[in-house]
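Student: Sequence first, then the predicted structure:
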Amino acid sequence: MSRNKTDIGVTKHDEALVFIDSLLNNKSLADETENLLLVKQLLIRGSDDGSMHIPQNINPDDEFIVKEFSGMVNNTNRRMAFISGQSRRKYRGPSTLNFSAIARTTTAAFTFQSNHSNCLEEFKKLNITKQTELHNLLSFSNLKRWDFNVFDVAAIDEENTLLFVSWAVICSPFAQMSMKAELERVRVNVSRRRESLEVGGSSDDFPGYDFSDLDLPIDDKKLITFIRLIQDGYEDNPYHNRIHAADVVQTLHSLLQMAGDQFTFDKEDVFLLLISAVVHDVKHPGRNNAFQVNSFSDIALEYNDISVLENKHVSYAFQCMFKGENNSRFIKTEPSKLHGIRGKIIEAVLHTDMSKHFATVSKIKAEAAGKSWEEIEDSVRWEVLIYILHMADISNPAKNDPMFKLWTDRCLDEFFEQGDKEREMGVPISPNCDRNTVKRPDSQIGFIKFVVKPAYEVLGDIIPAVKENILPVIDDNLKYWEEQKQMEQNGNVPTEKEELPLELSVSVLSRGLSEIEEFLEEEELEFLEKEE
């Protein structure tokens, strides 16, 4: 079947698989079925030629996408090889998979308690207005919303954004119950003027993951200590910081919840995946893998130029768990089991390496799409989950307005800082890192068309709600950037940034209100009493 040359996301890998399927359906070749299936599996699992997975109609001059998401050096001959291709075959879209409820295991070992004494100290230190705002923001139902704005949490307590979001997701429903218990306790000592504040929720109705029934001995206090250590390990970069990590945790949670109660996720796998999201960028220096390799940095030399940053992230995470002085080894189990847990977290974090993107999309499309969950091999089920983590990591262009604009500015700020450093070092400036030439619309259009949208289309063929809720947002955002580019070409240059970024405006407003509330509390509401 022919494929339109303008189709986005089509690779030679896709066409080869479709061709093999056509041969498998040819009755005259029935004797060759075994060999054809072998070739198909080799294509799915074993191709080291990164060009096989690159969309064929991508602009050959788009150096950033070619290098960043395929792991290929942008060699002209190889570049043209994957773009040229005489025929185009129609890829038969995979059918929808149905997910069922998270599978539960036995032997309760997660000991989190829901009373106020087990509430985070960081939560207790907030004034009652901020506590109430945070309690409402971090309800399980609110956290699963695709339009959840992590900057709202950062506006309340930026330093502890990752801790609060991770605690609310991983320790649900106990985190929500503890917040409610703490609010009910402090309200006893609050003036009657405070009775109008909404605590929200009922102690009889707290949805959540409830990892208390995992067949793993998890110490909740050590888990929180571990998350604190990881949060402290995030650098104050414009983009790769604790707010980004919190956003990935929440986005992963949202995507898992979109699967609904139709997918039998292994519950232990979900727990490990959420931990992987927490740690996935810890100790990121604000300079990408290419910079590390090209500058012969210490971490590039340590990890032999292979997934340099990702190896650093997961290595630091396990150092915190095993060698930290703060007693943060939250899983105590036999070595063989612990090695398996460690291996899964390592695999999940390493798969956030953007250079593996095209190959990963091709593999998931070939192995998971169009099959029921029962038909997918057990090993591939874990690969689907770590694919969802990767989707959470590149979700910024798929977020609602204004989040996608805020993340774009933060990402470019970090890129430009790297470009400034490269200019200072006298080395070639990396793609998308030159503040003198890169335009915001151009930085996003190719990224959305060839990286984000095709990947989410594959995920949409697995989780139907992704098609309904996320792909329309991606299309709207792509349209926005194309309109912005057209304005620039017409000489009607749009403002690069707001004079006061929205997240800062929200932060200033929220903190301003909170300071007023604190003042009123300290004065025992004298102002309101006088108003009466």
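Tutor: Structure's in. What do you need?

Student: helices or strands next to the longest helix seen in the chain in the packing?
Tutor: In the chain, assigned by DSSP state H, the helix with the most residues is helix 403-425. Judged by 3 or more Cβ pairs under 8 Å, 6 or more residues apart in numbering; DSSP states H and E, helix 403-425 is in contact with helix 289-294, helix 440-447, helix 502-522. (C-beta placed from N, C-alpha, C; glycine too.)

Student: For the ones you listed, which has the smallest mean pLDDT value?
Tutor: Comparing mean pLDDT across these, the weakest is helix 502-522, with a mean of 47.

Student: what stretches of the chain score poorly on pLDDT?
Tutor: 1-13, 27-28, 30-31, 34-117, 188-206, 324-326, 372, 493-532 (pLDDT under 70).

Student: give me that answer again for 80
Tutor: 1-118, 187-206, 260-263, 324-327, 370-376, 492-532 (pLDDT under 80).

Student: Now do the strands in it.
Tutor: With DSSP state E, there are no strands along the chain.

Student: Tell me which residues touch the nearest residue to Ser307 once chain neighbours are set aside, please.
Tutor: Excluding the flanking residues, the one nearest Ser307 by Cβ to Cβ, 6 or more residues apart in numbering is Asp353, at 4.4 Å. By Cβ atoms under 8 Å, 6 or more residues apart in numbering, the residues touching Asp353 are Gly71, Asn289, Ser307, Leu309, Glu310.

Student: Format the residues you listed as TSV; extra columns: neighbour count and distance to Phe211.
Tutor: Output for those, formatted as TSV (neighbours: other Cβ atoms under 10 Å; distance: Cβ to Cβ, whole Å):
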residue	neighbour count	distance to Phe211
Gly71	19	35
Asn289	25	33
Ser307	21	29
Leu309	25	29
Glu310	24	25
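
Student: what two of those residues have the greatest distance between them?
Tutor: Comparing all pairs in the contacts of Asp353 by Cβ to Cβ, the longest separation belongs to Gly71 and Leu309, at 13.4 Å.

Student: Name the nearest residue to Lys439, sequence neighbours excluded.
Tutor: Glu488 (6.4 Å).

Student: Phi, psi for the residue nearest to Asp413 when sequence neighbours are not counted please.
Tutor: Distances taken as Cβ to Cβ, 6+ apart place Pro238 nearest to Asp413, at 3.9 Å, with adjacent residues excluded. Main-chain torsions, Pro238, degrees, to the nearest 10: phi -60, psi -40.

Student: State the number of residues packed around Pro238.
Tutor: By other Cβ atoms under 10 Å, the residues close to Pro238 number 16.

Student: try Glu375
Tutor: Neighbourhood size, Glu375 [other Cβ under 10 Å]: 10.

Student: Tell me the spacing between it and His135.
Tutor: 42 Å (Cβ to Cβ, to the nearest Å).

Student: Also Asn149?
Tutor: Between Asn149 and His135 the distance is 16 Å, computed by Cβ to Cβ.

Student: Name the residue in those two with the higher neighbour count.
Tutor: Neighbour count, other Cβ under 10 Å: between Asn149 and His135, His135 has more, with 25 against 20.

Student: got a list of what the spatially closest residue to the more buried one that is not a sequence neighbour touches?
Tutor: Ranked by Cβ to Cβ, 6+ apart and with sequence neighbours excluded, the top spatial neighbour of His135 is Met179, at 4.4 Å. Residues near Met179 by Cβ under 8 Å, 6+ apart: Cys119, Phe123, Gln131, Leu134, His135, Leu138.

Student: Do I have it right that the second one meets Leu137?
Tutor: No. Counting by Cβ atoms under 8 Å, no contact exists between Phe123 and Leu137, whose distance comes to 11.9 Å.

Student: Give me the more crowded residue out of these two.
Tutor: Remark: of Phe123 and Leu137, Phe123 carries more neighbours, 24 against 19, as counted by other Cβ under 10 Å.

Student: and the gap between that one and Ile230?
Tutor: 18 Å.

Student: same check, this time on Lys222
Tutor: Taking Cβ to Cβ, one finds Lys222 at 13 Å from Ile230.

Student: The two: who's more crowded?
Tutor: Just comparing Lys222 and Ile230: by other Cβ under 10 Å the higher neighbour count belongs to Ile230, 27 against 18.

Student: Now do the same contact list for that one.
Tutor: Contacts of Ile230 by Cβ under 8 Å, 6+ apart are Leu162, Ala245, Val278, Val279, Val282, Ala317, Cys320.

Student: can you check Glu310 too?
Tutor: Contacts of Glu310 by Cβ under 8 Å, 6+ apart are His280, Val349, Leu350, Thr352, Asp353.

Student: try Gly343
Tutor: With Cβ under 8 Å, 6+ apart, Gly343 has no contacts at all.

Student: Quick one: end-to-end distance for stretch 301-309.
Tutor: Its start and end residues considered, stretch 301-309 measures 11 Å (Cα to Cα, to the nearest Å).

Student: quick one: buried residues of it?
Tutor: Buried residues in stretch 301-309, counted by 16 or more other Cβ atoms under 10 Å: Tyr303, Ser307, Val308, Leu309.

Student: now do stretch 220-234
Tutor: 220, 222-231, 233-234.

Student: Check what contacts stretch 331-339 and list those residues.
Tutor: The contact list for stretch 331-339 (Cβ under 8 Å, 6+ apart) reads Leu216, Pro217, Ile218, Asp219, Met321, Ile341.

Student: Which among these count as buried?
Tutor: Leu216, Ile218, Asp219, Met321, Ile341.

Student: For Lys267, see how far away the first one is.
Tutor: Noted for Leu216: a distance of 10 Å to Lys267, by Cβ to Cβ.

Student: residues contacting Leu273?
Tutor: Leu273 touches Leu252, Ala348, Leu385, Ile386, Ile388, Leu389, counting by Cβ under 8 Å, 6+ apart.

Student: For these, which single residue is the most surrounded?
Tutor: Going by other Cβ under 10 Å, Ala348 tops those with 28 neighbours.

Student: Nothing else from me, thank you.
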